[in-house]
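A.B. asks: Below is the sequence, then the predicted model.
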Amino acid sequence: CHSGRTYKFKYSFLQDIPVKYENIVCVLFLSCYLLACSQLPGVLNAHVSEQTRKDVYQLGETILFTCDTGFTSDLPIKYVCSSEGWVTLRQESCYSSTASCEHPSAHGGLRITGLPENNSPIPPGHVLLFGCDDPDKRLNGSSVLICDRDGQWNKPVPSCEAVKCQSLTVSDKILVTGDPEDGTYGNALLFSCKSRSEILKGPTEIYCDESGKWSGEVPECTGTVMLLLQRIESSPQKILTYLW
């Protein structure tokens with residue numbers, strides 16, 4: 001049995017009765033079962049509370065830990081003495097009660113919601129929301145940040161960046177209203193064919209959306225041949241259109 005703990009021996013017999021003999025062979029098995037807990041579990045920045053402190057703890061007894069000065073925990077730190085030793089239902093820890101996160105800078109049009117008044121410290125668990133004041137910019141990063149126990153933000157502070165679509169190449173056959181090389185958010189392009197004998201295949205308008213992508217592909221202009229076929233057998237005229 002392991003040292004530092006109080007055990008008892010439990011024995012059992014395995015009986016084996018041979019077919020040709022009447023004698024019984026008994027084999028003794030010994031096993032160790034924990035009766036009490038003496039060696040305390042270690043909790044960083046904490047000590048056992050005076051109300052539950054003792055030398056030996058019996059099965060089922062509990063101990064409570066109190067955080068040291070300058071530290072705190074979200075929930076009580078509780079351990080129970082079991083046949084397997086000290087166990088806890090949930091793992092809690094003591095963290096610095098004086099830790100605080102750095103105030104993020106609202107630069108480049110970054111909007112921050114939830115900052116403490118009077119530039120007060122930001123304690124662990126505090127939540128900040130982020131957005132962009134400029135509608136032509138988008139948020140690069142998380143819109144929600146939480147101050148961790150160690151006084152660090154759980155994610156990098158985001159930034160506002162201008163939305164930019166890639167410049168487009170347009171065929172000489174297409175008449176464009178707008179600048180295809182201007183990828184500014186919200187910029188719209190109108191398309192039509194220069195030749196009246198051609199038709200537009202694709203969207204007549206696209207724009208740069210908030211994700212930095214054009215809302216559609218650049219269209220093409222295709223030629224048409226109109227053939228009038230007149231049937232003799234009292235049928236109406238039909239126009240067949242071929243595209244190439």
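C.D. replies: Structure's in. What do you need? Remember, predicted model here, so these are calculated numbers, not experimental data.

A.B. asks: Surely Gly85 touches Cys37?
C.D. replies: Yes - using CB atoms under 8 Å, Gly85 is in contact with Cys37, at 6.3 Å. Where C-beta positions appear, they are placed from N, C-alpha and C, glycine not excepted.

A.B. asks: So between these two, which is more surrounded?
C.D. replies: Cys37 (25 against 14; other CB atoms under 10 Å).

A.B. asks: Just give me the neighbour total for the nearest residue to the more buried one once chain neighbours are set aside.
C.D. replies: Nearest non-adjacent residue to Cys37, counting by CB to CB, 6 or more residues apart in numbering: Cys81, 3.9 Å away. Close neighbours of Cys81, defined as other CB under 10 Å, add up to 21.

A.B. asks: Cys81 pairs with what?
C.D. replies: Counting by DSSP bridges, Cys81 is bridged to Trp86.

A.B. asks: Local confidence estimate at it?
C.D. replies: For Cys81, the pLDDT comes out at 92.

A.B. asks: unless I'm mixing things up, it is touching Thr62, no?
C.D. replies: Yes - if you go by CB under 8 Å, Cys81 and Thr62 touch, sitting 7.4 Å apart.

A.B. asks: helix, strand or coil for Gly125?
C.D. replies: coil (DSSP: H, G, I helix; E, B strand; the rest coil).

A.B. asks: Is it correct that it is in contact with Trp153?
C.D. replies: No - using CB under 8 Å, Gly125 is not in contact with Trp153; the gap is 11.9 Å.

A.B. asks: Look at those two and report which has more neighbours.
C.D. replies: Ranked by neighbour count (other CB under 10 Å), Gly125 and Trp153 place Trp153 first, with 17 against 11.

A.B. asks: With adjacent residues omitted, what lies nearest to that one?
C.D. replies: Nearest to Trp153 is Leu145, by CB to CB, 6+ apart, at 4.9 Å.

A.B. asks: Now name the helix or strand holding that neighbour.
C.D. replies: Using DSSP states H and E, Leu145 sits within strand 144-146.

A.B. asks: how deep is the residue nearest to Ile112 when sequence neighbours are not counted tucked in, by neighbour count?
C.D. replies: Nearest-residue entry for Ile112: Ala106, 5.1 Å, with adjacent residues in sequence omitted and distances by CB to CB, 6+ apart. When neighbours are counted by other CB under 10 Å, Ala106 registers 14.

A.B. asks: From Pro116, how far off is Ala106?
C.D. replies: 14 Å (CB to CB, to the nearest Å).

A.B. asks: quick one, phi psi at Ile206?
C.D. replies: phi -140, psi 160 (degrees, to the nearest 10).

A.B. asks: Return the residues in contact with it.
C.D. replies: By CB atoms under 8 Å, 6 or more residues apart in numbering, the contact list for Ile206 reads Ala188, Leu189, Phe191, Trp214, Ser215, Gly216, Glu217, Val218.

A.B. asks: May I ask you to confirm that the last one is in contact with Thr204?
C.D. replies: The reference is to Val218. No - applying CB under 8 Å as the test, Val218 and Thr204 come out as separate, 11.4 Å apart.
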